[in-house]
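Trainee: coordinates only, no sequence provided:
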């Protein structure tokens with residue numbers, strides 16, 4: 001029984017500690033290209049989703065649902081502090097969340113470095129997969145590491161969906 005109650009209490013604590021999402025909430029996603037190679041152009045990309053509070057809301061808007069999903073993702077994956085898995089000189093993505101008066105920063109290189117399917121980013125850094133299965137390598141990582149990865153990927157996906165909803169054809 002204690003195994004079930006502990007996570008439920010923690011999730012409730014996380015939701016209430018982030019407070020009711022209101023006011024000037026922000027999610028910033030930044031792409032950093034890593035160390036530039038000689039003679040090559042470098043790219044940096046910044047995306048900002050910002051909700052500015054209204055004095056009187058009559059109904060929930062799409063942006064409110066977005067921030068609610070971000071808040072739920074953090075609570076579901078028990079993300080309460082900054083998290084970083086950045087590899088020197090490698091490209092990475094940084095997500096900064098300002099929600100309910102709190103600020104949290106997540107940064108990782110895994111979404112970029114794992115695209116080829118030849119490697120996996122673990123708690124120790126980038127590892128070649130060789131004959132190993134990506135899922136089995138990740139299963140050997142700590143639960144907090146796996147939960148932070150999942151939250152990172154979900155918030156990145158929610159943000160890209162939000163950009164497509166506003167800027168897509």
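Mentor: That came through, no problem. Everything numeric in this text was worked out from a predicted model, so none of it was measured.

Trainee: just to be sure, residue 148 is in a helix?
Mentor: Yes. Under DSSP: H, G, I helix; E, B strand; the rest coil, residue 148 sits within a helix.

Trainee: if we ignore the residues flanking it in sequence, what's nearest it?
Mentor: residue 83 (4.5 Å; Cβ to Cβ, 6 or more residues apart in numbering). The way it works is simple: take the backbone N, C-alpha and C, and place the C-beta from them, glycine included.

Trainee: can you give me the neighbour number for the one you found?
Mentor: 19 (other Cβ atoms under 10 Å).

Trainee: what are the ranges of the strands in this protein?
Mentor: In the chain, the segments counted as strands under DSSP state E are 25-32, 44-51, 83-85, 92-99, 102-108, 119-122, 125-128.

Trainee: which strands and helices sit next to the shortest one?
Mentor: Judged by 3 or more Cβ pairs under 8 Å, 6 or more residues apart in numbering; DSSP states H and E, the packing partners of strand 83-85 are strand 102-108, helix 143-167.

Trainee: what's the mean pLDDT across that strand?
Mentor: Per-residue pLDDT over strand 83-85 has a mean of 95.

Trainee: and the contacts of it?
Mentor: Strand 83-85 has contacts (Cβ atoms under 8 Å, 6 or more residues apart in numbering) with 105, 106, 107, 108, 109, 110, 121, 123, 145, 148, 152.

Trainee: just the buried residues of these.
Mentor: Buried residues within the contacts of strand 83-85, counting neighbours by 16 or more other Cβ atoms under 10 Å: 106, 107, 108, 109, 110, 121, 148, 152.

Trainee: columns distance to residue 63 and pLDDT on top of the residues you listed, output as CSV?
Mentor: Converted to CSV, these look like this (distance: Cβ to Cβ, whole Å; pLDDT from 0 to 100):
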residue, distance to residue 63, pLDDT
106, 20, 98
107, 24, 97
108, 25, 96
109, 29, 95
110, 28, 95
121, 31, 96
148, 25, 97
152, 21, 97
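
Trainee: which one of these sits closest to residue 164?
Mentor: Ranked by distance to residue 164 (Cβ to Cβ), the buried ones among the contacts of strand 83-85 are led by residue 152 at 18.9 Å.

Trainee: wait, what's in contact with the residue positioned nearest the centre of the chain?
Mentor: Centroid-nearest residue in the chain: residue 152, 2.5 Å away (criterion: Cα atoms, centre = their mean). Residue 152 makes contact with 83, 93, 95, 106, 108, 110, 111, according to Cβ under 8 Å, 6+ apart.

Trainee: from residue 69, how far out is residue 63?
Mentor: 11 Å (Cβ to Cβ, to the nearest Å).
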